[in-house]
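**Student:** Structure, please.
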Amino acid sequence: MSTNSDDNLIRMTNQIATNLGGGRDEDAAAAAVCHHLETFWARPMKQRLVASLAQSDTGLSPLAHRAATLLAHKLAERQAS
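**Tutor:** Residues are numbered from 1 along each chain as shown. Reported below is the predicted structural model:
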């Protein structure tokens, strides 16, 4: 990670994934985490999280990584529209 704020974003994303992932299948859990990020995170936070996906070791859990990737696709779709 490049900065402490990026480390905090990764930590928070992993916590959200832990909290929202229990008892759901992987697709539903990733969608729930992505929805939370879309709804409650500011645009710069989302953009920094998506930018972190370019790194080889993001520090994201598998579920958090999947949700961040889903978020990246949704943000790209909105930009293309």
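
**Student:** For the rest of this, base every contact and every neighbour count on C-alpha atoms.
**Tutor:** Will do.

**Student:** Next one: the residue at minimal distance from the centre of the chain from Q47, what distance?
**Tutor:** Nearest to the mean C-alpha position of the chain, counting by CA atoms, centre = their mean, stands A68 at 3.0 Å. Going from A68 to Q47 by CA to CA, to the nearest Å gives 10 Å.

**Student:** ditto for L37
**Tutor:** Taking CA to CA as the measure, L37 falls 11 Å from Q47.

**Student:** rewinding a little: host element of the residue nearest to the centre of the chain?
**Tutor:** Per DSSP states H and E, A68 falls inside helix 62-80.

**Student:** contact partners of that helix?
**Tutor:** 13-14, 16-17, 21, 26, 29-31, 33-34, 37-38, 49-50, 53 (CA atoms under 8 Å, 6 or more residues apart in numbering).

**Student:** Just the buried ones from those?
**Tutor:** For these, a neighbour count by 16 or more other CA atoms under 10 Å gives the buried set as 13-14, 16-17, 21, 29-31, 33-34, 37, 49-50, 53.

**Student:** Of these, which belong to helices?
**Tutor:** Judged by DSSP state H, the subset of the buried ones among the contacts of helix 62-80 located in helices is 13-14, 16-17, 21, 29-31, 33-34, 37, 49-50.

**Student:** Make JSON lines out of those and add distance to T58 and pLDDT.
**Tutor:** Shown next, in JSON lines, are those (distance: CA to CA, whole Å; pLDDT from 0 to 100):
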{"residue": "T13", "distance to T58": "11", "pLDDT": "98"}
{"residue": "N14", "distance to T58": "11", "pLDDT": "98"}
{"residue": "I16", "distance to T58": "16", "pLDDT": "98"}
{"residue": "A17", "distance to T58": "15", "pLDDT": "98"}
{"residue": "G21", "distance to T58": "19", "pLDDT": "94"}
{"residue": "A29", "distance to T58": "19", "pLDDT": "97"}
{"residue": "A30", "distance to T58": "17", "pLDDT": "98"}
{"residue": "A31", "distance to T58": "19", "pLDDT": "98"}
{"residue": "V33", "distance to T58": "17", "pLDDT": "98"}
{"residue": "C34", "distance to T58": "17", "pLDDT": "98"}
{"residue": "L37", "distance to T58": "17", "pLDDT": "98"}
{"residue": "L49", "distance to T58": "9", "pLDDT": "97"}
{"residue": "V50", "distance to T58": "10", "pLDDT": "97"}
